[in-house]
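[1] model the following, please.
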Amino acid sequence: MPSSPHPSQSGKQPEPDQASSSTLAGNLACISAVILFALGFPAADKLLADWGVFSLIAVRNTLGFCLLVALWIAIEGWRKVLYAPWLTGIRIGSFGFGLGATLLLVTQSMTNAVTAALAAATMPVAAVAIEVALDGRKLTLYFMSGVVLVLLGGILATGMNLNDASFGSGALLGLISATIFAWGSRSTVKSLPFMKPLGQTVVTTAGMAGFCIVVYVLLSAIGLPGTQTAALNAENWGWLLIYAWLSLALSQTFWISGVGKLGIGVASFHLNAGPFYVMLILLALGGSWSWMQAIGAAVLATGVVLAQKD
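    You can find the predicted model right below:
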């Protein structure tokens, strides 16, 4: 018996209760994704004391990919994995996520952490521009007001001093990396609509992992810095698994799910709350509270709600 057509294919619009439920689920998925992603920052700080940036990312992505494949086989069976559109996923993942993440690291190396964070905080602009150009996004007054609040809240949530930012070729590269990541997120759900979020995440993570492994091998072969590795004791294995399994594998799965329900524009708004979640995690580990970041998170949350108001 043929399956029922998707609402977008049949011309029918989802019922209000269904749309509301999907929106709520999308927002919760994005919040979960960013919280898990934020866990990676203290883990990375610990690991980067001994590891190079490029070697650590290659190992992180490989471990994350292995977990995702195991989960996919356990949930949907090996046939689904075997006959998946791997080439499409690898193409999207290597360019959208692999290159995007690498360019952001290059941005930080060319400038500083403040400039890289500021570039990442502008991702909603790139995401909205992509939706307007490719998906016909309507720029209502509520939506644009939400965008402004999200950008302002994101800058405050970083706790950064804009006087420390550097605006030049490095910053431009950061904006390009944010745009590429937004493209990769949208392309994942648009090019693979017949797959569940877990499957979409697995095939694109394969591309991301492959790209970063190639970069590591090439840089290591010519002896550039950032490629050193270190022995792992029990404590470092714990940090590495947090970094690879929670902050990448599970986070990316929630993220793709959220993008599929909200669209890349609104989903990207949640990313700007990342620094606030990092502050909360560090607070639990003995760090200090920042009222500026808390206020930024509140402003950002207001913008997220406003942008989704009809």
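
[2] okay, now the unreliable bits of the protein?
    Applying pLDDT under 70 to the chain picks out residues 1-17, 108-109, 111-117, 160-171, 310.

[3] show me where it has its strands.
    Counting by DSSP state E, the chain forms no strands at all.

[4] could you find the closest non-adjacent residue to residue 243?
    Nearest residue to residue 243, sequence neighbours excluded (C-beta to C-beta, 6 or more residues apart in numbering): residue 43, at 4.1 Å. Yep, even glycine has a C-beta here, placed from its N, CA and C like the rest.

[5] which ones are touching the one you found?
    Taking C-beta atoms under 8 Å, 6 or more residues apart in numbering, we find residue 43 in contact with 239-240, 242-243, 247.

[6] swap in residue 271?
    Shown in contact with residue 271 (C-beta under 8 Å, 6+ apart): 34, 120, 123-124, 154.

[7] how about 6 Å then?
    By C-beta atoms under 6 Å, 6 or more residues apart in numbering, residue 271 lies in contact with residue 123.

[8] distance check, it against residue 239.
    When C-beta to C-beta, to the nearest Å is applied, the distance between residue 271 and residue 239 equals 23 Å.

[9] wait, isn't residue 26 in contact with residue 263?
    No - using C-beta atoms under 6 Å, residue 26 makes no contact with residue 263, being 8.6 Å away.

[10] stretch 243-262: how far from the chain's middle?
    7 Å (C-alpha atoms, centre = their mean, to the nearest Å).

[11] again, but for stretch 82-95
    With C-alpha atoms, centre = their mean, you get 18 Å for stretch 82-95.

[12] ditto for stretch 213-228
    24 Å.

[13] contact partners of that stretch?
    Contacting residues not belonging to stretch 213-228 are listed as 52-55, 58 [C-beta under 6 Å, 6+ apart].

[14] run through the helices of the stretch 201-310 of the chain in chain order.
    234-241, 251-262, 264-271, 274-284, 291-307 (DSSP state H, counting those that start in this stretch).

[15] tell me the most buried of the ones you listed?
    By mean neighbour count, with neighbours taken as mean count of other C-beta atoms under 10 Å, helix 264-271 ranks first of the helices of the stretch 201-310 of the chain at a mean of 28.

[16] quick one, it and helix 251-262 angle?
    For helix 264-271 against helix 251-262, the angle by axes from the mean of the first three to the mean of the last three C-alpha atoms, to 10 degrees is 140 degrees.

[17] now do helix 264-271 and helix 291-307, the angle between them.
    Using the same axes, to 10 degrees: helix 264-271 against helix 291-307 is 160 degrees.

[18] pull helix 264-271 out as PDB, backbone CA atoms only.
    Output of helix 264-271 as PDB, limited to C-alpha atoms (Å, rounded to 0.1, in the frame of the first residue of the first chain):
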ATOM      1  CA  ILE A 264      18.000  27.100   9.500                       C
ATOM      2  CA  GLY A 265      17.000  30.700  10.300                       C
ATOM      3  CA  VAL A 266      15.300  30.200  13.600                       C
ATOM      4  CA  ALA A 267      17.400  27.200  14.500                       C
ATOM      5  CA  SER A 268      20.600  29.300  14.100                       C
ATOM      6  CA  PHE A 269      19.300  31.800  16.700                       C
ATOM      7  CA  HIS A 270      19.800  29.200  19.400                       C
ATOM      8  CA  LEU A 271      23.500  28.900  18.700                       C
END
